[in-house]
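Undergrad: Task: produce atomic coordinates for the following.
(chains A and B)
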Amino acid sequence: MARVFDVAIVGAGIVGAACAYACARRGLSVVVLERAGLLAGATGSGEGNLLVSDKLPGPELELALLSNALWRRWAAELAGRYGDLELEPKGGLVVTATAAGLARLRATADDQAAAGVRVEPVDADGLREHEPAIAPGLAGGVRYPQDMQLMPARAAVALLAAARDRGADVRLRTEVTALRRDATGAVTGVETGAGPVTARRVVNAAGAWAGELAGPLGAAVPVTPRRGFILVTEPIPPLVRHKVYSADYLENVASDDAGLQNSTVVEGTPAGTILIGATRELVGFDRRPNPEAVRRLARGAVRLFPALARVRLLRVYHGFRPFSPDHLPVLGPDPRAPGLVHAHGHEGAGIGLAPVTGHLVAQVVTGEAPDVDLRPFDPSRFAVAEGSSRAAA
Amino acid sequence: MPPPDAGTAPAGFTITVDGEPVPVRAGQTVAGALLAAGRRTTRFTRFGERPRGVFCGIGVCFDCLVTHNGVPGVRACLEPAAPGDTVRTQHGAGEVRT
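TA: Predicted structure coming up:
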C-alpha cells in the first residue's frame, strides 16, 4: 500500500523547509518534493535578510514582526544539533543624503513605530558612531534594532534536517507535474516524475516557480520571477556593522517598474565577505549577466563605504525572487482546489517570513484558526484583477 | 613578459619570503616561485588557522592570498614576481587597504 502523507510540500527552499519543520514538529507526516537539488532557487542566492525596517504598516509588517520573534526561537531550538545558522541580531541602519529624504524616512519610521516596530532616529554624527567607516556628508538615518541577518543555506538545511529527524521524507530531484483530485475536486496528492504521491494536503512552496506550477495545479497565481544581483567581496576585517541601506531601497521594493532598479544595501557576514545588493528586474528567468547592474551596485556601495573602493570582488551572483503583483505574499488555502495551500510570493522577504509562513501553513493543515488574518494573502484574490493592466506577465 | 624558459640562461633574481630568499626565474608569478621552492602554504585561514595555497591557479578561488610588499589579499597566482619583492605568509584577512 502506498503511504498517505498528511501533507506534501512542493519546494525545498527556505519556505518549503520552514513548512516541513512547522508541520513535522506538530506530528504531521510530511513529504517534501523538490524539483532540483538543495538551494537551487532564491534561498541559495539571497542575502539572508530578516527585516522589519523595509515594511510599511500593514499585513506584511504584521507577518514580519511575528516571524522575527519566531526566527529567534527556531534558531535557539536548532542551535548545536543542526549547526550554526549565523543568526546575527545586528540591526538595520537606513541612511539618506538629503534633509528632504531624512524627513520622509523619519515620517515612515513614526508610522512603523505606531505599528510596533522599534525605531531609533540617528543624526549625522550618530551615523558615524554606529558605522565608523560610513561616508561623510550623509544627512542621517533611522536604526532598526530588530533587523537581523542569517545564512539562508545553513538555515534551510538545518530546517530540513530537523524535519527529517521528526519523520519528514525529503525527496530531491522529484518534479511535481500535476495535482491529483478526486471526483469532488478535493486534492488527494500530486503526480511526480517518479510516480504519484498521495497526501491529504498539498503546499505550493515553489518560490519564483510557484506561478509556473500553479497553472498545472489548477490554481493560477500571477507570481513571476524578479531578478536580483549580489556582489560578494573578498573577506576583510569587520568594516560594516549593521545591515546598511539607502532609503530608496524602500521605494524600489514597493515599485512595479519592470526595468532595472537599484538601491544600495551593504552588509558584512561572519565569513568576512561583504554582500552588496540590491537590483530588481522583471525579466523572466533570464540568467545572462547584466554588467550595468554590477556597475551600479559597486558604485552605490563605494558611495556609502568609501573604503570598499580598494576591496576586490570575489564574485557576482543572481537569483529570482517570487514577485507578487500586489507586493503581498500568497498564503493560505485555495478555495478553487480544496486541500491546496499556497506559501509563496514573498519577493525578497522569503527568508525573513519563512517561519511565520511555516507556522500558518501548519495551522491551516491541522484546521486550527490561524494566528493571523489570512484574507489579505488569499490565493484567489488575483482572479478579479485578471486582464487589468497590472498583470505582471 | 618572456616565458619562463626564454633564452638559454634565464635571468634570475630572488624575492624575500618570510625573511628568506626564494629564487625566481624571469616571468614567474609569486605562486610559481613559491611552488618551485617547495613552499605550498601561502596563508592561514581566519578561523582555525588552516593552511591554504594554490588551488585554481587562475585567480578565481582567492585561496593563494599573500601579503605582497605590505599589501594583504594579493593573489600569488596572478602577481608577477619582481626583484626586491617582499612576500609574507598571510594570517587571517589582513587589513583593508585605505
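Undergrad: rest of the way, CA atoms for contacts and neighbours
TA: Fine.
Undergrad: Next, work out how far apart the closest residue to chain B within the stretch 201-350 of chain A and A:Leu275 are.
TA: Relative to chain B, the nearest point of the stretch 201-350 of chain A is A:Ile236 (5.2 Å; C-alpha to the nearest C-alpha). From A:Ile236 across to A:Leu275, the span is 12 Å (C-alpha to C-alpha, to the nearest Å).
Undergrad: Next: B:Ala82.
TA: When B:Ala82 is compared with A:Leu275 (using C-alpha to C-alpha), they lie 34 Å apart.
Undergrad: A:Asp110 too?
TA: Where A:Leu275 is concerned, A:Asp110 sits at a distance of 29 Å (C-alpha to C-alpha).
Undergrad: So the two - more neighbours on which side?
TA: Set A:Asp110 next to A:Leu275 and count neighbours by other C-alpha atoms under 10 Å in any protein chain shown: A:Leu275 wins out with 22 against 16.
Undergrad: Was I right to think the more buried one contacts A:Gly268?
TA: Yes. When contacts are counted by C-alpha atoms under 8 Å, A:Leu275 is listed as touching A:Gly268 (6.2 Å).
Undergrad: for the stretch 251-393 of chain A, which spans come out with low pLDDT?
TA: A:384-393 (pLDDT under 70).
Undergrad: hmm, try it at 80
TA: A:251-255, A:383-393 (pLDDT under 80).
Undergrad: For the stretch 151-300 of chain A, what lies in contact range of chain B?
TA: Neighbours of chain B within the stretch 151-300 of chain A, by C-alpha under 8 Å from any C-alpha of the partner chain: A:234-237, A:272.
Undergrad: So which of those are in helices?
TA: Among these, no residue falls in helices (DSSP state H).
Undergrad: Could you dump the residues you listed into TSV and include neighbour count?
TA: Converted to TSV, these look like this (neighbours: other C-alpha atoms under 10 Å in any protein chain shown):
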residue	neighbour count
A:Glu234	17
A:Pro235	25
A:Ile236	24
A:Pro237	16
A:Gly272	17
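Undergrad: Tell me which two of these sit farthest apart.
TA: A:Glu234 and A:Pro237 (10.0 Å; C-alpha to C-alpha).
Undergrad: what do the two both touch?
TA: In terms of C-alpha atoms under 8 Å, 6 or more residues apart in numbering or on different chains, A:Glu234 and A:Pro237 are both contacted by the residues A:Gly272.
Undergrad: Sheet-wise, list the partners of the helix or strand of chain B with the lowest mean pLDDT with their directions.
TA: When the helices and strands of chain B are compared on mean pLDDT, DSSP states H and E, strand B:71-75 comes out lowest with a mean of 91. With DSSP bridges as the test, strand B:71-75 is paired with strand B:65-68 (antiparallel).
Undergrad: Could you export the partner strand as CSV, CA atoms only?
TA: Coordinates of each C-alpha in strand B:65-68 appear next as CSV, following Å, rounded to 0.1, in the frame of the first residue of the first chain:
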residue,chain,number,x,y,z
LEU,B,65,46.5,35.0,-0.9
VAL,B,66,49.8,36.5,0.4
THR,B,67,50.9,39.8,1.8
HIS,B,68,52.9,41.3,-1.1
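Undergrad: Show me what residue of chain B gets nearest to chain A.
TA: B:Ala93 (5.2 Å).
Undergrad: Show me the helices in chain A, by range?
TA: Under DSSP H, chain A gives helices at A:14-24, A:59-78, A:99-114, A:124-130, A:152-165, A:210-214, A:248-254, A:291-304, A:350-366.
Undergrad: tell me the most buried of those helices?
TA: Highest mean neighbour count of the helices of chain A: helix A:14-24, a mean of 30 (counted as mean count of other C-alpha atoms under 10 Å in any protein chain shown).
Undergrad: That one - contacts with which helices or strands?
TA: strand A:4-10, strand A:30-33, helix A:152-165, strand A:340-344, helix A:350-366 (3 or more C-alpha pairs under 8 Å, 6 or more residues apart in numbering or on different chains; DSSP states H and E).
Undergrad: As JSON lines, those with distance to A:Thr43 would be great.
TA: What follows is those, written out as JSON lines (distance: least, C-alpha to C-alpha, whole Å):
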{"stretch": "strand A:4-10", "distance to A:Thr43": "15"}
{"stretch": "strand A:30-33", "distance to A:Thr43": "16"}
{"stretch": "helix A:152-165", "distance to A:Thr43": "6"}
{"stretch": "strand A:340-344", "distance to A:Thr43": "12"}
{"stretch": "helix A:350-366", "distance to A:Thr43": "7"}
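Undergrad: looking at these, which is closest to A:Ala64?
TA: Closest among the helices and strands packed on helix A:14-24, using C-alpha to C-alpha: helix A:350-366, at 5.9 Å.
Undergrad: re the thing from before, and of the residues of the stretch 151-300 of chain A next to chain B, the nearest to A:Asp169?
TA: A:Gly272 (35.1 Å).
Undergrad: Now that B:Val17 has come up, it's in contact with B:Val87, right?
TA: Yes. With contact defined as C-alpha under 8 Å, B:Val17 counts as touching B:Val87 (4.7 Å).
Undergrad: which one of these two has more residues nearby?
TA: Set side by side, B:Val17 and B:Val87 show more neighbours around B:Val87, with 26 against 20, by other C-alpha under 10 Å.
Undergrad: residues in contact with that one?
TA: Neighbours of B:Val87 in contact, by C-alpha under 8 Å, 6+ apart: B:15-18, B:66-70.
Undergrad: Can you select the buried ones among those residues for me in ChimeraX?
TA: Under the burial definition 16 or more other C-alpha atoms under 10 Å in any protein chain shown, those of the contacts of B:Val87 that qualify are selected in ChimeraX by:
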select /B:15,16,17,66,67,68
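Undergrad: Reformat the contacts of B:Val87 as JSON lines; add distance to A:Gly332.
TA: Shown next, in JSON lines, are those (distance: C-alpha to C-alpha, whole Å):
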{"residue": "B:Ile15", "distance to A:Gly332": "67"}
{"residue": "B:Thr16", "distance to A:Gly332": "66"}
{"residue": "B:Val17", "distance to A:Gly332": "63"}
{"residue": "B:Asp18", "distance to A:Gly332": "63"}
{"residue": "B:Val66", "distance to A:Gly332": "54"}
{"residue": "B:Thr67", "distance to A:Gly332": "55"}
{"residue": "B:His68", "distance to A:Gly332": "57"}
{"residue": "B:Asn69", "distance to A:Gly332": "60"}
{"residue": "B:Gly70", "distance to A:Gly332": "58"}
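Undergrad: which one in the contacts of B:Val87 is the model shakiest on?
TA: Least confident by pLDDT among the contacts of B:Val87: that is B:Gly70, with 92.
Undergrad: which residues does that one contact?
TA: B:86-87.
Undergrad: how far away is it from A:Lys55?
TA: From B:Gly70 to A:Lys55 the distance is 45 Å (C-alpha to C-alpha).
Undergrad: repeat for A:Gln112
TA: For A:Gln112, the distance to A:Lys55 - C-alpha to C-alpha - is 8 Å.
Undergrad: next one: B:Leu65
TA: 41 Å.
Undergrad: So if I had to pick from these two, which one is more boxed in?
TA: When neighbours are counted by other C-alpha under 10 Å, B:Leu65 and A:Lys55 differ, and B:Leu65 comes out ahead with 29 against 20.
Undergrad: so what's that one scoring on pLDDT?
TA: 94.
Undergrad: buried sites along stretch A:143-154?
TA: Taking 16+ other C-alpha under 10 Å as the criterion, stretch A:143-154 shows A:143-154 as buried.
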